[in-house]
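Asker: need coordinates for the following:
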Amino acid sequence: MSNSIQDQLLKAGLADGKKARKIAKEKRREVNRARHEGVDYVDENKEAAQLTLARNAERDRELNHSLNSKVQRKAINAQIKQLIEVNKLAKGRGDVNFKFTDSKKVKSLYVTPVEHKQLSAGVLSIVKQGDQYEILPRPVADKIAERDQDRIISCETSAESDLTEEEQGWYKDYEIPDDLMW
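Answerer: Numbers count the residues shown, from 1 in each chain. Here you go, the predicted structure:
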């Protein structure tokens, strides 16, 4: 099998038998000379083949890793979609316009007054599914956040936590009404 290329070249008439025997003889002499001198014989072809095999194995590992990550990402998206479909609340049945921000854009959903309070308090959360927004209970939104944090839109009104202690002191005398809409 090691002479298969040599045999093919001989059969095709691209090389002659004398030349092939001469090259094989020189190679045997080189190996014997190296053995007698105590020097290890290095076969460049064998080393090149091993290097090529190592490169191919590394490339295959990288391809498998990327394919596995794509498959894993698809599975996570399917899990998120299922969580949303099973647990979403009906939207559009309310008369209160609830506004929220999604990546520097102000969006709005019509919700009931109860849902508005629950969204403001953090009991309910808004989740992005494609170009749609769905309202989910907070525990379900937390499960989705474990898989993909970018899908969760925070709606809690925690303006006080964004302020320093000095700024909070300035505003402590001014209460914000609970029914304030923006």
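
Asker: so who does Leu124 touch?
Answerer: 89, 115, 118, 135-138, 155 (Cβ atoms under 8 Å, 6 or more residues apart in numbering). (Each C-beta comes from the backbone N, C-alpha and C, glycine too.)

Asker: which of these sits closest to Asp102?
Answerer: Closest approach between the contacts of Leu124 and Asp102, by Cβ to Cβ: Cys155, at 10.5 Å.

Asker: got any ranges where the chain has weak pLDDT?
Answerer: Residues of the chain meeting the criterion pLDDT under 70: 1-4, 40-42, 155-163, 168, 171-172, 174-182.

Asker: quickly list the domain ranges of it.
Answerer: The chain breaks down into these domains under automatic domain parsing: 4-37, 45-182.

Asker: give me whichever of those domains is most buried.
Answerer: domain 45-182 (a mean of 13; mean count of other Cβ atoms under 10 Å).

Asker: distance from the chain centre to that one, please.
Answerer: 16 Å (Cα atoms, centre = their mean, to the nearest Å).

Asker: gap between Ile153 and Glu26?
Answerer: 75 Å (Cβ to Cβ, to the nearest Å).

Asker: quick one: the helices in the chain?
Answerer: 4-12, 17-37, 44-87, 113-121, 138-147, 159-162, 165-171 (DSSP state H).

Asker: need the contact list for Gln149.
Answerer: Applying Cβ under 8 Å, 6+ apart, no residues contact Gln149.

Asker: quick check: end-to-end length of stretch 37-44?
Answerer: Using Cα to Cα, to the nearest Å, the end-to-end distance of stretch 37-44 comes to 19 Å.

Asker: numbering from 44 from now on, please.
Answerer: That works, and once the first residue is 44, the last one we named lands at stretch 80-87.

Asker: and Gln161, how close does it get to Ile196?
Answerer: 15 Å.

Asker: export the contacts of Leu167 to JSON lines and tack on distance to Asp86?
Answerer: Shown next, in JSON lines, are those (distance: Cβ to Cβ, whole Å):
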{"residue": "Leu132", "distance to Asp86": "71"}
{"residue": "Glu158", "distance to Asp86": "76"}
{"residue": "Gln161", "distance to Asp86": "75"}
{"residue": "Ile178", "distance to Asp86": "69"}
{"residue": "Leu179", "distance to Asp86": "65"}
{"residue": "Pro180", "distance to Asp86": "68"}
{"residue": "Arg181", "distance to Asp86": "67"}
{"residue": "Cys198", "distance to Asp86": "69"}
